[in-house]
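Asks: when you get a sec, could you give me coordinates for this:
(one chain, ligands or ions: 1)
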Amino acid sequence: MTARAERPGERLPARVGLCAACRHARRVQTDKGALFVRCALSTHDPVYARYPRLPVVSCLGYSVADDADAERSGTEPD
Ligand code: SF4
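Replies: Purely as a prediction, here's the structure:
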């Protein structure tokens, strides 16, 4: 089985779409290098997929991450 680990502090590439700059995105990478985005909103709101289909081009939950969020979750601020 391939392990998945959250990688705080590592930035998401722009190719993942809106999640790359969203405060709710969490970078998850398998030990084989596959990249996923876990949406933290999915924890409390079933409207949001735990692992959204990428790239995300439209999302009502999108909220721009600030520098502190980016450090914590691996997203890029504007
Ligand atoms: S709220 Fe939307 S843009 Fe933000 S991480 Fe979740 S799916 Fe991505």
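Asks: who in this protein is up against the ligand?
Replies: Within the chain, the positions near the ligand by CB under 6 Å from any ligand atom are 18-19, 22, 24-25, 39, 41, 48, 52, 56, 59, 61-62. For every residue, glycine as well, the C-beta is placed using N, CA and C.
Asks: taking the residues you listed one by one, which sit in helices?
Replies: If you go by DSSP state H, those have nothing in helices.
Asks: closest to Arg11 out of these?
Replies: Ala25 (10.3 Å; CB to CB).
Asks: bridged to that closest one, which residues?
Replies: Per DSSP bridges, the residues bridged to Ala25 are Cys39.
Asks: unless I'm mixing things up, it is touching Ala40, no?
Replies: Yes - when contacts are counted by CB atoms under 8 Å, Ala25 is listed as touching Ala40 (7.4 Å).
Asks: about what we covered before: neighbour-wise, which one of the residues of the chain next to the ligand leads?
Replies: When neighbours are taken as other CB atoms under 10 Å, the top entry among these is Ala25 (29 neighbours).
Asks: low-scoring stretches of this structure, by residue?
Replies: 1, 8-9, 70-78 (pLDDT under 70).
Asks: center of it - which residue?
Replies: Ala25 (2.7 Å; CA atoms, centre = their mean).
Asks: stretch 19-32: end-to-end distance?
Replies: The stretch stretch 19-32 measures 22 Å between its terminal residues, going by CA to CA, to the nearest Å.
Asks: how about residues contacting that stretch?
Replies: 2-8, 10-14, 16, 35-41, 48, 51-52, 54-56, 59, 61-66, 69, 73-78 (CB atoms under 8 Å, 6 or more residues apart in numbering).
Asks: filter the residues you listed down to just the ones in strands.
Replies: 4-6, 35-39 (DSSP state E).
Asks: need the max-distance pair from these.
Replies: Top of the distance list for the ones in strands among the contacts of stretch 19-32 (CB to CB): Ala5 and Cys39, 16.8 Å.
Asks: phi first, then psi, for Arg27.
Replies: In terms of degrees, to the nearest 10, the main-chain angles of Arg27 are phi -80, psi 130.
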